[in-house]
Every structure is written in C-alpha cells, then in structure tokens.
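Student: Quick one: sequence and predicted model below, then my questions.
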Amino acid sequence: MLLGQSASSEGTPAAAAPTTDRVGFPKDYRTRFKVLGVIVKEQALRVSTVYGNEQAATVTSRDHLPFPEGSIILVEFSDALRDANNQVVRDANGALQRGEVDHIDVMKRGKGFGETYGENRSGEWEFTGYRLDGSYTTPPEKSAQCAACHRTAGPENDFVFRMRAAPARM
C-alpha cells in the first residue's frame, strides 16, 4: 500500500491502525537523543540519520533485545547537501553531507502498543511520521503500512531494521 492510501483499488478495507498519537514528536531529539547511525544511499543521493533515546541506545546488539519499554527510534531523512552550483557536497572522506531534512519517522515501544494493527502488528511498537514543525507526514491512522513493513525485520530483531544492518558509517 502506498503512503497515505487507505484502501486498494479492489476496495479492500484499510488496515487497522491507532487513532491517537502515542508516539509523539520529540522536538528536542537532536540534543536529547544519541545518533545510532547514518545511512548513506549514494545512488539516491539521500542521507538518513538514526537517533535513539536513552532506552533505545542501550541496545547495541541482539543480545540486548528486546528494546526496553519507552524506547524511541527516530530516522531523519534528507537529500544530500548541495552547493550554490547544485553540486553534491562531500566531507574530507568523500561521504555525502546531510542537506535539509525532508521528514522524520518515529517508532516508540510501549506496553500494549501495536495491538490495533491486528495482523500487521510488529511487536509493541507504534509508528508516526512528522515534518520538522511537528505536523504529520504519516498520522497514526495511516501508520499500518509502517507496522506491516517492520514485520519483515522479524521478531528476532524486535522488528527493528538496524539490528540486521552492518555498523553505520559515522
């Protein structure tokens, strides 16, 4: 299902999702959260920065799973930084630099979270997407596709993709 789409062209009902935002936009995430990794997509010229609150940052390997209740993982998505001539800016090591943030996806773990996703439930996580001003890109009632996607990360990873990834380049 495409982002924001509530039903398929065949008329299938939309997947169940929360109706209230229990995730919340952490406005001060850049100062309060720890950078857990940076994902650079060279072909797409995209840079994603993964942040975690104190609870989420305690999980450094599968041996520490599941994530503690109250864990928040946030991914900040941005295009590569460009100069005045529209050329991609790289650091001294040749890595793409982060440009303006496009949107932020946030997942939060809590007791009983995710129940409303039904068959799309991915553990005790709920998901919401935001712009930097706190407005929604993916409101709670449209977040079933987030839960469905995170199911593919698997219960052995507590439905978190970074648990499968190699260490992020910082």
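Tutor: In hand now; what should we look at?
Student: roughly how far apart are the residue of the chain most remote from its centre and Asp91?
Tutor: For the chain, the largest distance from the centre (Cα atoms, centre = their mean) belongs to Asn85, which lies 31.3 Å off. As for Asn85, its distance to Asp91 is 18 Å (criterion: Cβ to Cβ, to the nearest Å). The C-beta positions use only the backbone N, C-alpha and C, and glycine is treated the same way.
Student: Kindly report the same for Leu45.
Tutor: 14 Å.
Student: Comparing the two, which residue is more hemmed in?
Tutor: Taking neighbours as other Cβ atoms under 10 Å, Leu45 and Asp91 compare with Leu45 leading, 14 against 9.
Student: How about the more buried one, nearest residue that isn't a chain neighbour?
Tutor: Ala80 (4.3 Å; Cβ to Cβ, 6 or more residues apart in numbering).
Student: pLDDT of the longest strand along the chain, averaged?
Tutor: In the chain, with assignment by DSSP state E, the single longest strand is strand 98-109. Here strand 98-109 scores 97 as its mean pLDDT.
Student: Least confident secondary structure element in the chain?
Tutor: Least confident helix or strand of the chain, by mean pLDDT, DSSP states H and E, is strand 34-41 with a mean of 93.
Student: Tell me the strands beside that one, with direction?
Tutor: strand 46-52 (antiparallel) (DSSP bridges).
Student: residue contacts, the closest residue to Pro155 other than its chain neighbours?
Tutor: Closest residue in space to Pro155, ignoring its immediate chain neighbours: Gly123 at 6.7 Å, by Cβ to Cβ, 6+ apart. By Cβ atoms under 8 Å, 6 or more residues apart in numbering, the contact list for Gly123 reads 66, 109, 114, 155, 158-159.
Student: List the buried residues in the top helix by length along the chain.
Tutor: The longest helix of the chain (DSSP state H) is helix 144-151. Buried positions in helix 144-151, judged by neighbour count with 16 or more other Cβ atoms under 10 Å: 144-148, 150-151.
Student: Over to stretch 71-85?
Tutor: Buried residues in stretch 71-85 (16+ other Cβ under 10 Å): 71-81.
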